[in-house]
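Student: Next input, structure requested:
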Amino acid sequence: MNKAFWLKSFFKAFLLCVFCASFAHSRPPAWTSTKLFLLAKDQKAYLFITEKATLRKETFEFSWTLYDGLNLVVHSKWRLYPRQIMFSRRRGLELYSQNILLARKNPYLDEVRVYIEFLSFEAGAAKFGVYVMDKSQRVGIEYYPDQEVQDEQN
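Tutor: From the prediction side, this is the model:
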């Protein structure tokens, strides 16, 4: 066979090995804060976010209004700006991310984000996971309601 063919084949195999090896060393994100919420229809959940530099306390709130078996409509509000989010089990849209504080220098280390994940729907209540990514420890987080919800995944 042709020498160029073997070099191309070897190069493709090498790239495939490097690509697979990169996934072997991956790990899930290290969340700064996590909380599970079990919310009835139109029941609100609050995250009280205090910026440590200015001690300014702001509220992120969310609730759900409609579930049809596959899709869930969630309303959120941050800094008095309302949003409507559609989670969909059919299309794999089960995670929403909201930027809380912008990055100062490095977007991977300085920004603060809140993630809402739709986990399940049971007995008229939706189960959400709320995760906060704050690698530079810029904010303090308090949750309301602060009830304990069991996680079936562990």
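
Student: hang on, residue 128 packs against residue 39?
Tutor: Yes: here residue 128 lies in contact with residue 39, judged by CB atoms under 8 Å, at a distance of 6.6 Å. In short, each C-beta sits where N, CA and C put it, glycine included.

Student: Find the residue ranges of this structure scoring beneath the pLDDT cut-off.
Tutor: The model of the chain has pLDDT under 70 over residues 1, 3-5, 7, 17-27, 148-154.

Student: which one is the most centrally placed residue in it nearest to, not counting chain neighbours?
Tutor: For the chain, the residue sitting closest to the mean C-alpha position, by CA atoms, centre = their mean, is residue 115 at 2.7 Å. Excluding the flanking residues, the one nearest residue 115 by CB to CB, 6 or more residues apart in numbering is residue 131, at 4.4 Å.

Student: and that neighbour, how many neighbours does it have?
Tutor: Neighbour count for residue 131, taken as other CB atoms under 10 Å: 17.

Student: Which strand or helix spans residue 9?
Tutor: helix 3-24 (DSSP states H and E).

Student: Pull out the buried residues from the helix or strand just after that helix.
Tutor: Per DSSP H and E, the first helix or strand lying C-terminal to helix 3-24 is strand 33-40. By neighbour count on 16 or more other CB atoms under 10 Å, the buried set for strand 33-40 is 33, 35, 36, 37, 38, 39.

Student: residues making contact with strand 33-40?
Tutor: 45, 63-64, 119, 124-132, 134, 141, 143, 145, 147, 149-151 (CB atoms under 8 Å, 6 or more residues apart in numbering).

Student: all strands of the chain, in order?
Tutor: Taking DSSP state E as the test, the strands found in the chain are 33-40, 45-51, 57-67, 71-78, 81-88, 95-101, 112-122, 125-133, 139-144.
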